[in-house]
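Trainee: Let's see this in three dimensions:
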Amino acid sequence: MLYNQQTVRPINTYAGWKYAMLVIVLALAILYALPNIYGEDYALQVSGPKGGPVAAEMFEQIEQNLKDNGVEIKKSTNEDGRALIRLFDSETQLKARRLTAEFLRDKGDFGVALNLAPATPEWLENLGGSPLKLGLDLRGGVHFLMEVDMEQAISKKEDQYIDDFKSLLREQKLRYASVVRVNDVGLVARFRDEETRDSAESEIRQRFNELNTRSRETGELYEVVITIPQVKITEIKDYALQQNIATLRNRINELGVAEPLIQQQGAERILIQLPGVQDSERAKRILGATATISFQLVNESAGYNPSRAPAGAELIKEEDTGINHAIRKSPLISGEHLTDANVGYDENSMPQINVNLDSEGGAKMLAMTSKNINKPMAIIMRESKGIYEEVDGELKLVDTKLVTNVVSAPNIGAALGSSFRITGRFSPTEARDLALILRSGSLIAPAYFVEERTVGPSLGKQNIELGKTSIIVGFIAVLIFMLIYYKVFGLVANIALTSNLVFIVALMSLIPGATLTLPGIAGIVLTVGMAVDANVLIFERIREELREGTNPAQAIHNGYDKAFSTIADANITTLIAALVLFGIGTGPVKGFAVTLFLGILTSMFTAIVGSRAIVNLIYGGKSLKKISI
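Mentor: Coordinates of the predicted model:
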C-alpha cells in the first residue's frame, strides 16, 4: 500500500470531515435549486389606494366577482399587505384582470396588475428557497411606454420666464401693469406708457437673447409680446425628455430591478422594460408619480376649516382628515432644494420622512421659520395623475388631473434648518414610496403611461425552450463523450458536471438581483465546456503518468496535483475577464459575466475537489494494478 511521504495516511484518501462537507454543500445546493422545478403561477395582484393593503371584505368581493363570472381560482392570499389571486393560465389571467379593473373602477384608487408568482411550496419558502429570476428575454416582465406631457414642460418654462421677467423689471425699476401668458400669442408684458415699454423690451431682449420680442398697443396699454422660437421649444422638449429619463432611471435603481431597459423612443416617449418584476403595480405607481413637495405657511386669519380662501391664499384639503387649509400661495421652500429623503420612525413607532435640504434651502427655511414660531406650516404634495381606460386589452390615457393635498400642517415649534422631519398619517409602504420619489427627484414634466403590457409569454417560452435545448444537447453530448473516452473516470466527470449545474442554479437563485438571460445561458454552456476541460487536463495527466510506468495510485495522485496549477492559471484569467465584463458591461453583457464568473468558481470546485472525492472513494487507499481510464 502506498503512503504520502509527509504523512502516514494512504494516498488518494480524504478525511471523513471533507466528505461530510461535500455532502452538506451538495445537499444545500440541491435544496436551493429545487424551487426551480415547481415553476410559477399566473397571478393577479391587487393593491389598495396609495399601494396600501386591500381590506379583507373588499378582497372577498373581488374573489366573488371573479367566481360569478366563471373565473376558476387556483389559490388566493391576502397577507402582509399583498393581495394575490393565483390562476391556471394566461387567458384566465387576462380575463380576471379586465373583470377586476371594471369591478374596482368606481370603488377607489385600486391597482390591478398581472404577475407571475412562484409556486414554491411553503416549507421551502420558509427555508429561503426561491426560483432564479429570469430576464425579460426569458420570463418576460413589465413593458411600459410613457409619454412626456410636453405642453406642461413648456408651460413650466414659460412660468419661469414670467418670474424672471418680473424680477428683471423690478431690478431695473421699470413699473409694469402685468406679465401674463396669453393663449395663441405668447408671454405679454403690459405697461402704462410707451417709454417704459420700449426700455423694458430693450432689457428683455438683452437679457434673454434666445427669445423673440415685438411691440404692440391694445387700448391704453403698451405691450411687449415675447415668444419662444421653435429652436428653443425643441431644446426645452429635449431637456424635459432627458431629465425625465434620468429621474426614471434613479427610481428604477431604487426599486432594485436587475438589468432594466430605459431609453428614448421618438421625440416625446420613453420605453421602459423591467424583467421579472414581482410587484408591477408598485413599479407603475412609482415610475408614473410626479409628486412635488413644497412648504407653505397657513393663513391663520381664515380660521379652522374655512369654506372660502382669503386673498393671496388657496384652499387645499388635508386628504386624511378632510380639513380645508387656507394656504398662502408663495411657497417657503420648493422641492428643488431637497437633497435627500429617507424613512424613519418617531417615538410612537409611526413612520416619518427625514428630509435634508441644500444650503440655499436650509438658509431660506431657517430665515422663514425663525419669524413664524408657533405658526402652522403646511407640507403640500402636488401630483399629476393620468386617467385611463382599458381598450382592447390595453390601457389608454383619456385625461389627466392635478391632485393637490396637504400632507400635514404642524405648528413650527422651533427654527428649522437643513434637516427636519415630515410627519403624517403614513403607512410604512406609503412613507417608503414617498421618500423614494422625493429622493430620486420629481419629473420635470408629467409622464403618462400610454402602453402597459407584460412581454408575451410565447417569446419567453420559446427562448427558454431553445436555451434548455442548447444546454441539454451540449450536456448530453459531453456526457456521452466523457463516458466512452474515459470510462470510470468519465463517469466521475459526469457526476461532477451535473453537480456543477446544480451549484450554478442554486447560487443564481440565492444571489439577490441575479437574473438569468439568454447571454447568461451562453455563459453556463461555456462553463460546462470549461469544467470538462479541467477534467480532461487531469485525466490526460494521469494517462501520461501511467505511460511512464508510474503506479496507478501514484499516477492518480500526481495527475491531480500537477494539473492543478494549469487549471488554476486558465480559470483565474477567465475570472478576471468576467469581472471586467461585469464592471464595464451593461444589460446582456452583465448577464453573461455573472453566469461565467459563478460557473468558473463552481467548475473549479467540482472538477478539482468534487471529482477527486469520488475517485478517492473508488480507488483511494488500495493497492492498484489497473484503473479504468
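
Trainee: Any regions of the stretch 501-629 of the chain where pLDDT drops low?
Mentor: Filtered on pLDDT under 70, the stretch 501-629 of the chain yields the residue ranges 513, 585-588.

Trainee: Could I get the full set of strands for it?
Mentor: Under the criterion DSSP state E, counting those that start in this stretch, strands of the stretch 501-629 of the chain are mapped to 515-516.

Trainee: All the strands of the stretch 51-200 of the chain, residue numbers only.
Mentor: With strands called from DSSP E, counting those that start in this stretch, the stretch 51-200 of the chain shows them at 73-79, 82-87, 111-118, 133-134, 141-148, 178-182, 186-191.

Trainee: Out of these, which gets nearest to residue 562?
Mentor: Of all the strands of the stretch 51-200 of the chain, strand 133-134 sits nearest to residue 562, with 40.8 Å by CB to CB. To be clear about C-beta, it is placed using only N, CA and C from the backbone, and glycine gets the same treatment.

Trainee: elements contacting the closest one?
Mentor: The contact analysis (3 or more CB pairs under 8 Å, 6 or more residues apart in numbering; DSSP states H and E) places strand 133-134 against strand 515-516.

Trainee: Pull the number of nearby residues for residue 421.
Mentor: Neighbours of residue 421 under the rule other CB atoms under 10 Å: 11.

Trainee: Tell me how far it lies from residue 341.
Mentor: Distance, residue 421 to residue 341, using CB to CB, to the nearest Å: 10 Å.

Trainee: shared neighbours, these two?
Mentor: Shared contacts of residue 421 and residue 341 (CB atoms under 8 Å, 6 or more residues apart in numbering): 353, 354, 355.

Trainee: element containing the first one, please.
Mentor: Right, the one you point to is residue 353. Assessed by DSSP states H and E, residue 353 sits inside strand 351-357.

Trainee: Pull the residues that contact that strand.
Mentor: Residues from elsewhere that reach strand 351-357, judged by CB under 8 Å, 6+ apart: 333, 337-346, 365, 417-424, 426-428, 430-432, 434-435, 438.

Trainee: rerun at 6 Å
Mentor: For strand 351-357, the surrounding residues in contact (CB atoms under 6 Å, 6 or more residues apart in numbering) are 337, 339-344, 346, 418-423, 426, 428, 431, 435.

Trainee: Stretch 29-49 too?
Mentor: Contacts of stretch 29-49 (CB under 6 Å, 6+ apart): 54, 83-87, 90, 93, 96-97, 108-109, 111-113, 115-120, 124, 129-131, 281, 502-503, 505-506, 509-510.

Trainee: What's the ChimeraX line that selects buried ones from those residues?
Mentor: This is the ChimeraX syntax for the buried subset of these, where burial follows 16 or more other CB atoms under 10 Å:
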select :54,83,84,85,86,87,93,96,97,111,112,113,115,116,117,118,119,120,124,129,131,281,502,503,505,506,509,510
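
Trainee: Next up, the contacts around residue 178.
Mentor: Residue 178 neighbours (CB under 6 Å, 6+ apart): residue 190.

Trainee: what pairs with it across the strands?
Mentor: Beta-bridge partners for residue 178, by DSSP bridges, are residue 190.

Trainee: Could I get the pLDDT score of it?
Mentor: Per-residue confidence at residue 178 stands at 89 (pLDDT).

Trainee: same thing with residue 258?
Mentor: pLDDT, read off for residue 258, is 53.

Trainee: ok, back up a step: tell me the buried residues in the strand holding residue 353?
Mentor: 351, 352, 353, 355, 356, 357.

Trainee: Distance to residue 476 and pLDDT added to these, as JSON lines?
Mentor: Shown next, in JSON lines, are the buried residues of strand 351-357 (distance: CB to CB, whole Å; pLDDT from 0 to 100):
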{"residue": "351", "distance to residue 476": "55", "pLDDT": "81"}
{"residue": "352", "distance to residue 476": "59", "pLDDT": "80"}
{"residue": "353", "distance to residue 476": "57", "pLDDT": "81"}
{"residue": "355", "distance to residue 476": "60", "pLDDT": "80"}
{"residue": "356", "distance to residue 476": "59", "pLDDT": "81"}
{"residue": "357", "distance to residue 476": "63", "pLDDT": "81"}
